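Asker: how would this look folded up:
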Amino acid sequence: MALTATKEDVLEVLKEVTDPEIGVNVVDLGLVYDVDINPTGEVRVQMTLTAPGCPMHDTIARTAEMAIETLDGVIEAHVDIVWSPPWTPDMLTDEGRRLLGF
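Answerer: Reported below is the predicted structural model:
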């Protein structure tokens, strides 16, 4: 199967992954820093969380990987949690601000 997923597709499917403590998806929270799609079907995402030591760190990362792996042609997804740069509320999208009432 040919890889047809795009960065936009990855971001769209990641909108289904929410931070359970905040209730807003990881894209609109501004947690996704980078999406790299390899032609062989491997997708690597760098993202952060709102706070270091978040107890849901593994769950959020695995949920994101499983969501990405539903895309056509994606063989494997890897989500790397990074802490630099640290997340701030300035990273929220307009939709994220609306959802949080800012």
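
Asker: need the next SSE after the host helix or strand of Val13, C-terminal direction.
Answerer: Assigned by DSSP states H and E, Val13 belongs to helix 7-14. Sequence order places strand 18-19 as the next helix or strand after helix 7-14, per DSSP H and E.

Asker: Summarise which helices and strands that following strand is packed against.
Answerer: For strand 18-19, the packing partners by 3 or more CB pairs under 8 Å, 6 or more residues apart in numbering; DSSP states H and E come out as strand 24-25. For glycine as for every other residue, the C-beta is placed from the backbone atoms N, C-alpha and C.

Asker: rerun at 10 Å
Answerer: On a contact count with 3 or more CB pairs under 10 Å, 6 or more residues apart in numbering; DSSP states H and E, strand 18-19 meets strand 24-25, helix 57-68.

Asker: re earlier: show me what counts as buried in the helix holding Val13.
Answerer: Neighbour-count burial for helix 7-14 flags 9-10, 13-14 (criterion: 16 or more other CB atoms under 10 Å).
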